[in-house]
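**Student:** here is a sequence with its predicted model. Questions after.
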Amino acid sequence: MKKIILKSLLWLLAKLPLPAIRALGAGVGLLSLRLSNKSAKRLPHNLLVTGLATPETVEQMTRDTAKALGMTLAEAALIAWQKNRARITRLFEVDESFYQVKALLEAGKNIVFLTPHIGNFEFAVKYFAYHLPMNIQILYKPSKDPVIEEIMVSGRSEVNITPVPTNRKGVLSMMKHLKSGGCLGILPDNVASGGDGEWVKFFGQDVYATSLAAKICQQPDTIAVIVQNLRTKTGFKSKCVPFKPSNGDTHDIMQELYGEIEKLVREAPEQYYWSYDRFRQPEKAKPKPQAENRA
């Protein structure tokens with residue numbers, strides 16, 4: 001019954017025009033900010049320590065960022081996951097970099113799409129799958145709620161999109177898929193949970209970055225592309241940025257990647273996922289480089 005009610009509600013809300021969906025999402029974002037003590041503390045803290053906000057601007061920027069996150073969730077559930085190809089295409093804008101990626105795919109190149117938590121990456125995945133000659137596996141974090149999990153996986157899946165979970169089995173599936181000529185899509189800016197991460201600088205702060213993106217970039221004949229997908233007044237605009245590490249060292253790759261992500265975030269900082277506990281130190285993390293040097 002829960003699944004039927006939730007799917008029916010999403011289907012009805014999906015009929016709303018984009019401005020109404022965004023207004024609904026913005027309201028949800030502000031409500032979450034009001035009800036969640038963690039978000040209410042973490043969001044302004046992250047904006048201040050990164051230097052993106054000042055004590056004078058942090059309150060308004062916190063509200064804008066909370067609204068943007070709510071919009072992202074609403075746009076994903078009510079548009080991207082509804083698989084309305086015509087609507088997604090109508091709302092999406094690409095530049096020449098998109099067609100350069102298309103040419104690489106037509107030439108048979110292996111591409112990994114690195115989609116940071118900027119704007120609405122769910123929209124970008126759908127548009128790219130509809131308009132590029134590729135078969136892609138995307139990494140996602142499973143939900144503990146079986147109904148939400150089913151809706152999320154079903155909404156993200158297409159004939160040429162296969163979601164795989166963020167566990168060892170999912171990562172092995174992605175590596176096998178890449179070696180067989182398939183494409184990958186990952187969120188490269190998550191915090192690592194164990195000893196497989198790398199400490200890098202992000203807006204001058206220490207981040208324990210998951211090293212999966214570096215490991216994929218180290219695979220032979222693989223081309224990495226960072227995808228920035230920003231929200232505009234009338235829809236979305238996407239930009240593909242080639243990512244070519246200067247060397248094969250895992251730490252260096254991740255630091256260079258985070259440097260590129262920082263540049264993209266600065267273009268629209270309120271559209272980045274700042275309510276995430278990005279600067280935490282996981283219990284099983286490696287010692288920070290400073291601590292190693294002191295030892």
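**Tutor:** Now that the structure is in, tell me what you want to look at. Nothing here was measured: the structure is a model prediction, and the numbers come from that model.
**Student:** give me the distance between Ser36 and Ser275.
**Tutor:** Using CB to CB, to the nearest Å, one gets 8 Å for the distance from Ser36 to Ser275. The C-beta positions use only the backbone N, C-alpha and C, and glycine is treated the same way.
**Student:** these two: who's more crowded?
**Tutor:** Taking other CB atoms under 10 Å, Ser36 and Ser275 do not tie; Ser275 has more neighbours (20 against 14).
**Student:** in a strand, that's where the more buried one is, yeah?
**Tutor:** No. Applying DSSP: H, G, I helix; E, B strand; the rest coil, one finds Ser275 to be coil, outside a strand.
**Student:** tell me the pLDDT at it?
**Tutor:** Looking at Ser275, its pLDDT stands at 92.
**Student:** cool, the one 5 residues further on as well?
**Tutor:** The pLDDT attached to Arg280 in the predicted structure is 92.
**Student:** one more: Val225?
**Tutor:** 98.
**Student:** now swap in Ala285 and tell me
**Tutor:** Confidence for Ala285, expressed as pLDDT, is 89.
**Student:** how many other residues sit next to it?
**Tutor:** Ala285: 19 neighbours (other CB under 10 Å).
**Student:** contact partners for it?
**Tutor:** By CB atoms under 8 Å, 6 or more residues apart in numbering, the contact set of Ala285 is Ala192, Gly194, Gly195, Gly197, Trp199, Tyr208.
**Student:** filter those residues down to the buried ones.
**Tutor:** Neighbour-count burial (16 or more other CB atoms under 10 Å) applied to the contacts of Ala285 gives Ala192, Gly197, Trp199, Tyr208.
**Student:** which helix or strand lies directly C-terminal to the stretch of helix or strand the third one belongs to?
**Tutor:** When you say that, I think you mean Trp199. Element membership for Trp199 (DSSP states H and E) is strand 197-202. Downstream of strand 197-202, the first helix or strand assigned by DSSP H and E is strand 205-210.
**Student:** Leu264: neighbouring residues, count only.
**Tutor:** With other CB under 10 Å as criterion, Leu264 counts 20.
**Student:** next one: the one 10 residues further on
**Tutor:** Number of residues near Trp274 (other CB under 10 Å) recorded here: 26.
**Student:** for Asn167, same thing?
**Tutor:** 12.
**Student:** swap in Glu283?
**Tutor:** Other residues lying near Glu283 total 7 when counted by other CB under 10 Å.
**Student:** look up how far Val191 lies from it.
**Tutor:** Glu283 is 12 Å from Val191, by CB to CB.
**Student:** with Arg90 instead?
**Tutor:** From Arg90 to Val191 the distance is 36 Å (CB to CB).
**Student:** touching, Ser173 and Gln137? I think so.
**Tutor:** Yes. If you go by CB atoms under 8 Å, Ser173 and Gln137 touch, sitting 6.6 Å apart.
**Student:** mutual contacts of these two, please.
**Tutor:** Taking CB under 8 Å, 6+ apart as the contact rule, Ser173 and Gln137 both touch Val164.
**Student:** comparing these two, which residue is more hemmed in?
**Tutor:** Higher neighbour count among Ser173 and Gln137: Gln137, with 21 against 16, using other CB under 10 Å.
**Student:** look at the more buried one and give its secondary structure.
**Tutor:** Under three-state DSSP, Gln137 falls in the strand class.
**Student:** test my guess that it contacts Gly182.
**Tutor:** Yes. Gln137 is within contact range of Gly182, at 6.3 Å (criterion: CB under 8 Å).
**Student:** can you list the low-confidence ranges for the stretch 151-295 of the chain?
**Tutor:** In the predicted model, the stretch 151-295 of the chain carries pLDDT under 70 at residues 290-295.
**Student:** what about Lys83, neighbour count?
**Tutor:** Look at Lys83: counted by other CB under 10 Å, it has 15 neighbours.
**Student:** now Pro289
**Tutor:** Residues near Pro289, counting by other CB under 10 Å, number 14.
**Student:** how about it, nearest residue that isn't a chain neighbour?
**Tutor:** Here the nearest residue to Pro289 in space, its sequence neighbours aside, is Trp199; by CB to CB, 6 or more residues apart in numbering that works out to 5.8 Å.
**Student:** report the contact partners of that neighbour.
**Tutor:** Contacts for Trp199 (CB under 8 Å, 6+ apart) come out as Asp206, Val207, Tyr208, Ala209, His251, Ala285, Lys286, Lys288, Pro289.
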